[in-house]
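*Asks:* can't give you the sequence, but here's the structure:
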C-alpha cells in the first residue's frame, strides 16, 4: 500500500474529528498540517485547517488561517489564499507573515502595486529591534527592490537596496542588483560602495552580465560566471544522457529559451529555425517565454517541428522530457541572463550541449560543451578563459534574419533631431555605457560642431544622469537626443537616417550592430579581449570593413571624427554595406545554416 495513503487512513479521520470537536490543540494542528504538506497532500491540509477554524474560536485562529492560506497558496488557488490571508490580518492586524505572503500572492496575480503596499507595510512597520520579524523585514526590503526594478521604478529600487544593505551589508544577491541597477541608471561610478560594504565583496558579487559591461578582462568574467555556478547551480544531478549518439535518421536539435518572443535573440535566430534542412534535422523548441502576441513569436513557433511550453514544468521534468525525446544537440540560448534555468542543462539531458547568443561571455557551466563563435570573436589565445570549447564558424558567429523589413524613413525633425548637422547614434542599452566611453563621445561632439548624439531612452534616471555628465564635460545636454523604444521596422528606419553609429566598449553592440549594418549605417567599434568587446568587430570583419575597427579608445575617437568630416567616405561605406547585404558573408543566412548543420553533424558523428 502507498505510504501516503496508509498515513492518511490511519490518522486523518481521527485528526479531523478532533478538530471538529475542539480537542485538537493549535500545536497538534500545525504539526499534523506540516506532515500533510510534506507528503504533498495539500487538499487534505486545507480540509484540516478549514475544519479547525470553523469549530474553534481561540485567540490563535489567525495562526490557523495563515496556514490555511499557505496551503491554498501551494495549490495555486491564489484568490482563496488572498481571502484567507486577509482574514488572518483582520483578526490580528500586526501579524507580519500574512502581510508578507499576501505580497507574493498579489505579485503572482499581476497586481504589483498591491504587492508593493504589503511589503512596504512590513518594511516600515516591523521594528529593527524585532528579532522575530527581522527576517521578514529584510526579505520585504529585497522584494520591494526587485519588484520596483521589474516595474522600471529604478530610483525606488535603489533606495530599498540601500536600506537593505544598511541592515546587512554582506548580502551578495543584493550587491549584485546594486551594481547592475546603478549601471542601468548610468549612476557613476557604478562601484560606489555603500557604508560598511566590503568593496571586494561587491566586485565578487557582480553578475556575469553586469561584469561584461564593466570589464574587458576575460579572466574576471570567467570568475564571475563560476561564482554564479558555485552559488546558484546544482552540480550534483546525475547525467540523464550516457554521452552516446542515438542514431536517428534525422538529427534532433533542441533550442532552450525564455526569449522566443519580441527579443533580440529571436530577432537573430528566427530564420535559422526556418531554414534548417528538414530532410536531415528535426527541430524542437523548449519555451518559457511570455505570450507577447508578436508576429516574431508566431514565426518562431511556426518554424519549430515540435514546440513545447515548459513554464509550468519543473527543471527536473523538463530535463527528463528532453532525454525522453532523445535530443542529440541541446542549444542553450540563455546563459546566465534573466530567466535562466541552468539546472535543466546540469542534468545532462543531451549528449551534446551548446550555448549560443544569450550571454556574450563564458557561462562557466561545466555541463556546456561548446560555444558557437568565430576566430575573431574568440581568438585561440583567449579560449582558455572559456569553460566551453569554441565551435568555430568559418565566416561569422552571428546569424541574421534576411526577412527584416525597414519602414519608410522618418524625417529627422519628426524625431527631435536637427535638420542640419551630423547625427551620431548609439542605440545600445544604457547599462553598456561607461564614464570612459562617454568621455570619448563627448570629445567627439566637441570636435564635430553642430553634431548630436542620438541615444536610446532606457529610463529617466539614465537620461538625467547622462545629460548631467555631458554638462560636466562642457557639452550642452541638449546635444543628447533620446529616442523612445519602437517596433523593429521603425527602429531600422531610424538607423537609416543617422550618419554614424558609435559603438560602446567594453560591451559592444550585438543585435543592434547587426541591425545598424543591415540598415546601411556605418559603425565604428573598439575591440578588446572579451567576447562582448569583440562582437561588432566580428561583424565588421565579415562585412569586409575591418578599417572601422579600433583597438584603443584614442584611435576610435580619431576614426569617428575623420568619418564625421568626410561625407564621401561615409557614402563609400554605405555602398559597401549595400553590396554586403546582397551578396556578402555577413548576411548569408542560408550559408550560415548549412555551415552550422555541418558542425552539428560532425559533433554527433564524433560521439560514436
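*Replies:* That came through fine. Here the structure is a predicted model, which is why all the values come from computation and not from measurement.
*Asks:* tell me what the host helix or strand of residue 34 is packed against?
*Replies:* For residue 34, the host element (DSSP states H and E) is helix 26-38. Here helix 26-38 touches helix 3-21, helix 42-55, helix 61-75, going by 3 or more Cβ pairs under 8 Å, 6 or more residues apart in numbering; DSSP states H and E. Where you see a C-beta, it was placed from the backbone N, CA and C, and this is true even at glycine.
*Asks:* Quick check: mean pLDDT of it?
*Replies:* Mean pLDDT, computed over helix 26-38, is 87.
*Asks:* how far out from the middle of the chain is it?
*Replies:* In terms of Cα atoms, centre = their mean, to the nearest Å, the centre of helix 26-38 is set 39 Å apart from its chain centre.
*Asks:* go on, stretch 261-277?
*Replies:* Worked out by Cα atoms, centre = their mean, stretch 261-277 lies 18 Å from the chain centre.
*Asks:* Go ahead and confirm residue 600 touches residue 251.
*Replies:* Yes. Applying Cβ atoms under 8 Å, one finds residue 600 in contact with residue 251, separated by 6.2 Å.
*Asks:* which residues are in contact with both of the two?
*Replies:* Common contacts of residue 600 and residue 251, defined by Cβ atoms under 8 Å, 6 or more residues apart in numbering, comprise 281, 328, 329.
*Asks:* What are the buried residues along stretch 22-39?
*Replies:* Using 16 or more other Cβ atoms under 10 Å as the test for burial, stretch 22-39 gives 24, 26, 29, 30, 32, 33, 36, 37.
*Asks:* Could you list the low-confidence segments of this structure?
*Replies:* Confidence mapping of the chain against pLDDT under 70 gives the ranges 1-10.
*Asks:* re the thing from before, what's the closest of the helices and strands packed on helix 26-38 to residue 199?
*Replies:* Nearest to residue 199, of all the helices and strands packed on helix 26-38, is helix 61-75, at 39.7 Å by Cβ to Cβ.
*Asks:* Which residues does the helix or strand residue 266 falls within contact?
*Replies:* Applying DSSP H and E as the criterion places residue 266 in helix 264-275. Residues outside helix 264-275 that contact it (Cβ under 8 Å, 6+ apart): 255, 257, 259-260, 283, 285, 296-297, 299-300, 303-304, 333, 357-358, 398-404, 488, 510-512, 514, 589-590, 592-593, 596.
*Asks:* Tell me the helices and strands packed up against the very next helix or strand once past that helix.
*Replies:* Once helix 264-275 ends, the next helix or strand along the chain (criterion: DSSP H and E) is strand 281-287. Applying 3+ Cβ pairs under 8 Å, 6+ apart, one finds that strand 281-287 contacts strand 251-257, helix 295-303, strand 306-309, helix 315-324.
*Asks:* Buried ones in the last one, by neighbour count?
*Replies:* Going back to what we said before, that points to helix 315-324. 315, 318, 319, 320, 321, 322, 323.
*Asks:* Dump those to TSV, plus distance to residue 238.
*Replies:* Output for those, formatted as TSV (distance: Cβ to Cβ, whole Å):
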residue	distance to residue 238
315	14
318	16
319	10
320	12
321	16
322	15
323	11
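*Asks:* picking that back up, next, the angle from the helix holding residue 266 to strand 251-257.
*Replies:* If you take axes from the mean of the first three to the mean of the last three Cα atoms, to 10 degrees, helix 264-275 sits at 160 degrees to strand 251-257.
*Asks:* quick check: angle from helix 264-275 to helix 295-303?
*Replies:* Counting by the same axes, to 10 degrees, helix 264-275 lies at 30 degrees to helix 295-303.
*Asks:* re the thing from before, okay if I get the buried residues of stretch 22-39 as a markdown table plus distance to residue 11?
*Replies:* Converted to a markdown table, the buried residues of stretch 22-39 look like this (distance: Cβ to Cβ, whole Å):
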| residue | distance to residue 11 |
| --- | --- |
| 24 | 12 |
| 26 | 18 |
| 29 | 13 |
| 30 | 15 |
| 32 | 7 |
| 33 | 12 |
| 36 | 10 |
| 37 | 14 |
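*Asks:* which of those residues lies closest to residue 146?
*Replies:* Distance to residue 146, by Cβ to Cβ, is smallest for residue 37 among those, at 26.2 Å.
*Asks:* Would you agree that closest one is in contact with residue 74?
*Replies:* Yes. The pair residue 37 / residue 74 is scored as a contact, 7.1 Å apart, by Cβ under 8 Å.
*Asks:* Residue 577 falls within a helix, correct?
*Replies:* Yes. According to DSSP: H, G, I helix; E, B strand; the rest coil, residue 577 belongs to a helix.
*Asks:* For it, which residues are in contact?
*Replies:* Going by Cβ under 8 Å, 6+ apart, residue 577 touches 517, 520, 521, 522, 543, 545.
*Asks:* got the contact list for the fourth one?
*Replies:* For residue 522, the contacting residues are 500, 501, 545, 548, 563, 570, 573, 574, 577, by Cβ under 8 Å, 6+ apart.
*Asks:* Let me see the ranges of the strands in this protein.
*Replies:* Using DSSP state E, the strands of the chain run over 251-257, 281-287, 306-309, 329-332, 352-355, 370-373, 389-392, 423-426, 452-456, 480-483, 500-502, 523-526, 549-550.
*Asks:* what packs against the last one?
*Replies:* Counting by 3+ Cβ pairs under 8 Å, 6+ apart, the packing neighbours recorded for strand 549-550 are strand 523-526, helix 535-542.
*Asks:* Next, format those as JSON lines and append mean neighbour count and distance to residue 182.
*Replies:* Below are those laid out as JSON lines (neighbours: other Cβ atoms under 10 Å; distance: least, Cβ to Cβ, whole Å):
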{"stretch": "strand 523-526", "mean neighbour count": "27", "distance to residue 182": "23"}
{"stretch": "helix 535-542", "mean neighbour count": "26", "distance to residue 182": "23"}
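*Asks:* For residue 438, which of the ones you listed is the nearest?
*Replies:* For these, distance to residue 438 was read as Cβ to Cβ. The smallest value, 13.3 Å, belongs to strand 523-526.
*Asks:* Give me the residues contacting the closest one.
*Replies:* With Cβ under 8 Å, 6+ apart as the test, strand 523-526 has contacts from 500-503, 505, 508-509, 513, 516-517, 533, 536-537, 539-540, 548-553, 556, 559-560, 563.
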